[in-house]
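In: What follows is a protein structure lacking sequence information:
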């Protein structure tokens, strides 16, 4: 590229007007070259999908089964385009700032509870192959992915986790995964960079069929009964954060790909 | 403009590359002509502010005093550019869909609780003149605005309100406004298009100084004690929706301009 600045600017302005005033050209350009998503016009679909994602993240949407079909591409762009990472990063900064305000009582009873899937471990590779949440959940296929044990951590969750460890919090992992997946989950977590958790709680026989919020509340209640204070928790599902024996502060990790009641 | 399509496309592609590969040119172009916001490059500020807004809406941000200064323009664009209206509209659709699933017990005891400011009435005109929430809250100035009684309703809140009335819900309005502002508030609500509420609850003498969540929970508890079922509630603050005597389902109305503990 050997444009002079001024000719490049002139070209740009002229071409931009040409494109902006003529929707037919604009759509042909869009199909001809792939513009970065930030340059694409904000379509009504994107506007709806932004609203849908906010409704899902704030729990206004209630129970939802799949990503709306017109939002599959939107979710894909959100996840892969950097905004998801930024959103999680901003959350991690708030959580760390909060954690720093806590005077730890000591005796290792100052707890922080983490969910695992889409909170510490990313199953994005699986969801990429399954329409970014626009296909109905398939338990068999998902478990085939889980036992591979290849899920990476998130940069933001690793940062938060390590900061909490350094501050002296006792880390408790609480997942909807089955007890039979204990060793692969532990190995996967270690491979992803996590270390030194106090315990990993998985669904046992007696927990089968329980709603997630009920199961997770019961587990937290046992932890509290042992004398722990749950200062904070982080989870990508509202069912990680609501119910009883909830943390003093709960952090909702963004996840526009699936909902667990 | 007499470009042929192909030359326009060529110009556009060449110019786009010239701009994309050279940040100095990109920033000079941006300052030279005002691009529509959908065509602007997504700056790191916008990315941060998106993350900040999500953190605020999901309550991950906890207590916050003002909109971060680098996000004033972002909030302005979000509010005025149509996405805020879309977000509220999507929420209203979810709330109406939920309301339609409820079998009303009848006897006028099926309640829905609405907050007033930024839920039914928009104080945007006030906040436009005060940095879209980037300036600290000024109680005196805000009350001078309130007593003018000129706040309009939101399209989405009017749609939701009317749908709930039609379905037969008893509407209870619960606001942090002072009892001394009762008549101007009632007049403003009627002028904005609301009608037929069961009661408007305002802060009395005994409520002064109470945290919003405590005051609103106490008021809801009294309503429940009278035999009402609070099926739903809508508010732009988490303190409208949390505490005790909460609704079966609560809807968080978007508000990136201020936070009330």
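Out: In hand now; what should we look at? Values in this document were obtained by computation on a predicted structure and should not be read as measured data.
In: Give the burial count for the residue of the stretch 151-261 of chain A found nearest chain B, as a bare number.
Out: Taking CB to the nearest CB as the measure, the stretch 151-261 of chain A has residue A:252 as its residue closest to chain B, at 4.5 Å. Backbone N, C-alpha and C define where each C-beta goes, glycine included. Per other CB atoms under 10 Å in any protein chain shown, the neighbour tally for residue A:252 reads 24.
In: go on, residue A:203?
Out: 20.
In: wait, doesn't it sit right on residue A:218?
Out: No. Using CB atoms under 8 Å, residue A:203 makes no contact with residue A:218, being 10.8 Å away.
In: Can you read off the pLDDT for residue A:44?
Out: For residue A:44, the model assigns a pLDDT of 84.
In: quick revisit: now the closest residue to the residue of the stretch 151-261 of chain A closest to chain B other than its chain neighbours: phi and psi?
Out: Distances taken as CB to CB, 6 or more residues apart in numbering or on different chains place residue B:58 nearest to residue A:252, at 4.5 Å, with adjacent residues excluded. Dihedral pair for residue B:58: phi -90, psi 0, per degrees, to the nearest 10.
In: my guess is residue B:58 meets residue A:57, correct?
Out: Yes. Between residue B:58 and residue A:57 there is a contact at 5.5 Å, judged by CB under 8 Å.
In: List the contacts of the closest residue in space to residue A:205 that isn't next to it in sequence.
Out: In this structure, residue A:205 finds its nearest non-sequential neighbour in residue A:179, 7.7 Å apart by CB to CB, 6+ apart. Applying CB atoms under 8 Å, 6 or more residues apart in numbering or on different chains, we find residue A:179 in contact with A:202, A:203, A:204, A:205.
In: May I see the ChimeraX selection of the buried members of the residues you listed?
Out: The ChimeraX selection below is limited to those of the contacts of residue A:179 classed as buried (16 or more other CB atoms under 10 Å in any protein chain shown):
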select /A:202,203
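In: Now render the contacts of residue A:179 as CSV, adding distance to residue B:149.
Out: Below are the contacts of residue A:179 laid out as CSV (distance: CB to CB, whole Å):
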residue, distance to residue B:149
A:202, 58
A:203, 56
A:204, 60
A:205, 62
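In: Need the contacts of residue A:179 in TSV (columns: pLDDT, secondary structure and distance to residue B:122).
Out: Formatted as TSV, these follow (pLDDT from 0 to 100; DSSP: H, G, I helix; E, B strand; the rest coil; distance: CB to CB, whole Å):
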residue	pLDDT	secondary structure	distance to residue B:122
A:202	98	strand	48
A:203	98	strand	46
A:204	97	coil	51
A:205	96	helix	53
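In: Closest to residue A:47 out of the contacts of residue A:179?
Out: Using CB to CB, residue A:203 comes nearest to residue A:47 of those, at 39.0 Å.
In: Give me the distance between that closest one and residue A:144.
Out: 18 Å (CB to CB, to the nearest Å).
In: quick one on the thing from earlier: which residues are in contact with both of residue B:58 and residue A:57?
Out: residue A:252.
In: coming back round to it: and the residue nearest to residue A:252, how many neighbours does it have?
Out: Residue B:58: 23 neighbours (other CB under 10 Å).
In: residue contacts, it?
Out: A:57, A:58, A:252.
In: do residue A:212 as well
Out: Contacts of residue A:212 by CB under 8 Å, 6+ apart are A:176, A:237, A:239, A:240, A:260, A:261.
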